[in-house]
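> give me a model of this one.
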Amino acid sequence: MKYLLPPMHTLRTFEALGRLLHFAHAADELHLTTSAVSHQIRALESFYGTKLFHRGRRGVSLTAAGEALLAVVKDVLRQLSTAGEAIRTRPGQRLRVTAPPSLASRWLVPRLGDFLRGYPMADFQLRSTLELVELGTEEVDLGIRYGGGRWPGMSSEQLFGEEIFPVATSAYARQKKLRDASDLSRGLLLQDDFQSWADWFAQTEVAMAECRYGPVFNDSALLLQAAEAGQGVALARSRLVVDAMAAGSLLRIGGLSIVSRESYYLVSPADRPDSELAAAFRKWLHQLADA
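Numbering: from 1, shown residues only. Down below sits the predicted model:
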């Protein structure tokens, strides 16, 4: 069947003006100029061969034809919006994931395209946060958390543990003559809120006398960014620097490391089964972690 219809954008503009009865207000809502709104309304009136609005000094009002058309257009736009929302939010095609900002930016996002290419219609949302999001109440399907592995009401599967060791740029290491951990007193030791240099020195039994400490960052990704800018030496968690070390933007200083007491876990509400998409993402994450 052939449909004789005006351009869809003119109907959207008509609905806004018919509802607001003010050219400037309709223009603001639609992010158009008032002249663009006026032009589209004239085009629509030309298409139907009748006036849709009375124009006067005090504003505009709908004609009888305009009122009849507005009722139909509102209903059609409402139905299109509802249908689109249903298509976009089908449970099998929607996936909401949370992850710590550092892991999201330094490890997950660079690899995420490999997964999403296999699911081009997926409605995927990644929320980067340090908060322990309540997965059961905030419509989040899966979460990646760093900790001991036990959270009330959550099932958890370990993804990977980590080693912790010092890193810097090769230029900074050459400038400060940093070859191993015993040379660290020559550099500026950058810090974050998650791993203490004092604890690392104690566990590796490296003397820490006369060390100079630099700024403290509340996000490990920011700490590593500062190290990549040549500002000092960072204590790095191995998973967060694997790409930087492969690219040569960061260099490991010496061979000493400690094993983190905590790990990354994939968590989900204990009483909620995975959707097909969540199950696929879970499998992909484990394969990635094992690799």
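> separation between P120 and T82?
In this structure, P120 lies at 23 Å from T82, with C-beta to C-beta, to the nearest Å as the measure. Placement of C-beta: from N, CA and C, glycine included.
> neighbour count winner among those two?
The residue with the greater number of neighbours, taking P120 and T82 and applying other C-beta atoms under 10 Å, is T82; the counts read 10 against 6.
> what strand or helix carries the more buried one?
helix 64-88 (DSSP states H and E).
> which positions in that helix come out as buried?
The neighbour-count check on helix 64-88 (16 or more other C-beta atoms under 10 Å) flags G66, L69, L70, V73 as buried.
> ok, residues contacting that helix?
Residues from elsewhere that reach helix 64-88, judged by C-beta atoms under 8 Å, 6 or more residues apart in numbering: 11-12, 14-15, 18-19, 48, 50-53, 62, 94, 123.
> for those, give me CSV that also has secondary structure and distance to A280.
Below are the contacts of helix 64-88 laid out as CSV (DSSP: H, G, I helix; E, B strand; the rest coil; distance: C-beta to C-beta, whole Å):
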residue, secondary structure, distance to A280
L11, helix, 39
R12, helix, 36
F14, helix, 43
E15, helix, 40
G18, helix, 45
R19, helix, 43
Y48, helix, 49
T50, coil, 54
K51, coil, 55
L52, coil, 50
F53, strand, 52
L62, strand, 51
R94, strand, 13
D123, strand, 14
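> hang on, G214 packs against L190?
Yes - judged on C-beta atoms under 8 Å, G214 makes contact with L190 at a distance of 4.8 Å.
> circling back: how about a markdown table for the buried residues of helix 64-88, with distance to S156 and pLDDT added?
As requested, these are exported to a markdown table (distance: C-beta to C-beta, whole Å; pLDDT from 0 to 100):
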| residue | distance to S156 | pLDDT |
| --- | --- | --- |
| G66 | 59 | 92 |
| L69 | 56 | 94 |
| L70 | 54 | 94 |
| V73 | 51 | 93 |
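> can you show me the strands along the stretch 101-250 of the chain?
Under the criterion DSSP state E, counting those that start in this stretch, strands of the stretch 101-250 of the chain are mapped to 123-128, 142-147, 154-160, 163-168, 188-192, 212-217, 234-237.
> buried ones in the second one?
Of the residues in strand 142-147, those buried under the neighbour-count criterion (16+ other C-beta under 10 Å) are L142, G143, I144, R145, Y146.
> correct me if wrong: Q40 contacts T10.
Yes - using C-beta under 8 Å, Q40 and T10 qualify as a contacting pair, with a distance of 4.7 Å.
> shaky segments in this structure?
By pLDDT under 70, the weakly predicted segments of the chain are 1, 84-92, 131-138.
> strand 123-128 and the helix holding T82, what's the angle between them?
70 degrees (axes from the mean of the first three to the mean of the last three C-alpha atoms, to 10 degrees).
> after helix 64-88, next one along is what?
From helix 64-88, the next helix or strand downstream (DSSP H and E) is strand 94-99.
> partner strands of that next one and their direction?
When pairing is defined by DSSP bridges, strand 94-99 lines up against strand 123-128 (parallel), strand 142-147 (parallel).
> redo these as JSON lines? Include distance to H31.
Converted to JSON lines, the strands paired with strand 94-99 look like this (distance: least, C-beta to C-beta, whole Å):
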{"stretch": "strand 123-128", "distance to H31": "24"}
{"stretch": "strand 142-147", "distance to H31": "35"}
